[in-house]
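*Asks:* Predicted model and sequence follow; I will ask about them next.
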2 protein chains.
Amino acid sequence: MTDRLIWQRLEESNYRLTQQRQAILDVMKENRGKHLSAEDVLAEARKKAPNLGIATVYRTLDKLSSFEVLYKTVFDEGKYRYELCEDENHRHHHVICLSCGQITEIGEDLLSKLEKHLESKGFEVVDHQLIMYANCPDCKRKK
Amino acid sequence: MTDRLIWQRLEESNYRLTQQRQAILDVMKENRGKHLSAEDVLAEARKKAPNLGIATVYRTLDKLSSFEVLYKTVFDEGKYRYELCEDENHRHHHVICLSCGQITEIGEDLLSKLEKHLESKGFEVVDHQLIMYANCPDCKRKK
DNA sequence: AATAAAATGATAATGATACTCATTATAAAG
DNA sequence: CTTTATAATGAGTATCATTATCATTTTATT
């Protein structure tokens, strides 16, 4: 995601960019493609804003997610991870290594292609999960 | 998943089927295709085993997951959900309604097909996430 | 029946996240 | 500029899901 687009999103949301928010955003920009937990962000951002509190980190990460500047994702570990949005179409594709837990980004569209692609890269695919976020027929009707 | 296969998995794991474990397993079998939280399971299973404690529920759900009798999954809500395994290939496909949170099972393989399929059923697809579980090249090599 | 091993339930501990509130920083108005 | 209103912050507390502990009970083995 470009700085320009980030700015645009913040502006149209009338979001004041305080020192601590700037620090958090900078950390996210310096870690493109990585999936940081709130604690990760706190540790990094405190290098820039030493008194930063964890509450502000959560508040800011949530707000930035709601502006679609960050993705908020959950893997199988009971906590959220945040990542700078990379493109317009909202698609996330991740590989999680079952041994070391390393999370790698991928950019394919079809599952079978994807699996073959990964295996050609040396991965051993064990399982996968696809979640679609949608409004169900009932809720769509009510809106 | 057939009763026969469940039995087989429990037997090869030498898993004693106590009253409380039986109650929990029964609840899972009565709720095929649904995604129950630990609290859901507790509430249902207490109808069969009134003194059942939450600790036993967690212990049992975890064990059954490790025997591949249950799937343990996490959606964007900060808690785990459990579901009786349905087939051999471990594929999960879910739709989550963004308004009511309802989780629906789906059985398609290609993303675009899937999306069209859902939209023809009246869903409004907003986003999706695909997670592949694998051993990364490094870890695969080390094994 | 006696003994050892496993399972249970109650409760406490933990970890991630959300909430509350007094204090501080920023913006707008005079 | 000051004053005043509004928003943001950090510390601490609360909450929720999950895990760990431990005394008691159940089950299996001798």
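*Replies:* Ah, there it is. As the structure is a computational prediction, the values presented were derived from the model and not from experiment.
*Asks:* can you give me the end-to-end distance of stretch A:29-46?
*Replies:* Terminal residues of stretch A:29-46 lie 15 Å apart, using C-alpha to C-alpha, to the nearest Å.
*Asks:* Now do that stretch, average pLDDT.
*Replies:* Confidence over stretch A:29-46 (mean pLDDT, whole number) is 94.
*Asks:* Are that stretch and chain B in contact anywhere?
*Replies:* No. Judged by C-beta under 8 Å from any C-beta of the partner chain, stretch A:29-46 makes no contact with chain B; its nearest approach is 11.4 Å. For every residue, glycine as well, the C-beta is placed using N, CA and C.
*Asks:* Only the buried residues of that stretch, if you could.
*Replies:* Under the neighbour-count criterion of 16 or more other C-beta atoms under 10 Å in any protein chain shown, stretch A:29-46 has A:31, A:35, A:36, A:38, A:40, A:41, A:42, A:44, A:45, A:46 buried.
*Asks:* and it, does that touch DNA strand D?
*Replies:* No. Under the criterion of C-beta under 7 Å from any atom of the strand, stretch A:29-46 makes no contact with DNA strand D; the nearest approach is 9.0 Å.
*Asks:* about what we covered before: closest one of the buried residues of stretch A:29-46 to DNA strand C?
*Replies:* If you rank the buried residues of stretch A:29-46 by distance to DNA strand C using C-beta to the nearest atom of the strand, residue A:38 comes first, at 4.0 Å.
*Asks:* Quick one: residues contacting that closest one.
*Replies:* Taking C-beta atoms under 8 Å, 6 or more residues apart in numbering or on different chains as the criterion, residue A:38 is in contact with A:54, A:57, A:58, A:61, A:79, A:80, A:82.
*Asks:* ranges for the strands of chain A?
*Replies:* Under the criterion DSSP state E, chain A contains strands at A:70-74, A:80-84, A:91-97, A:103-105, A:124-135.
*Asks:* Ok, which of those comes nearest residue B:3?
*Replies:* Proximity to residue B:3 (C-beta to C-beta) singles out strand A:124-135 among the strands of chain A, at 23.5 Å.
*Asks:* Can you give me the distance of residue A:134 to residue A:123?
*Replies:* Computed with C-beta to C-beta, to the nearest Å, the distance linking residue A:134 and residue A:123 is 29 Å.
*Asks:* between the two, which one's more packed in?
*Replies:* When residue A:134 and residue A:123 are compared on other C-beta atoms under 10 Å in any protein chain shown, the one with more neighbours turns out to be residue A:134, at 26 against 22.
*Asks:* Beta-bridge partners for the more buried one, please?
*Replies:* The residues listed as beta-bridge partners of residue A:134 by DSSP bridges are residue B:97, residue B:125.
*Asks:* Relative to residue B:127, how far out is it?
*Replies:* Relative to residue B:127, residue A:134 is positioned 8 Å away (criterion: C-beta to C-beta).
*Asks:* Could you do residue A:77 as well?
*Replies:* Look at residue A:77 and residue B:127: by C-beta to C-beta, they are 21 Å apart.
*Asks:* pLDDT below threshold where in chain A?
*Replies:* Counting by pLDDT under 70, chain A has low-confidence residues at A:87-93, A:97-101, A:104-111, A:143.
*Asks:* Tell me how it divides into domains.
*Replies:* Taking automatic domain parsing as the domain assignment, the record places the domains of chain A at A:1-89, A:93-143.
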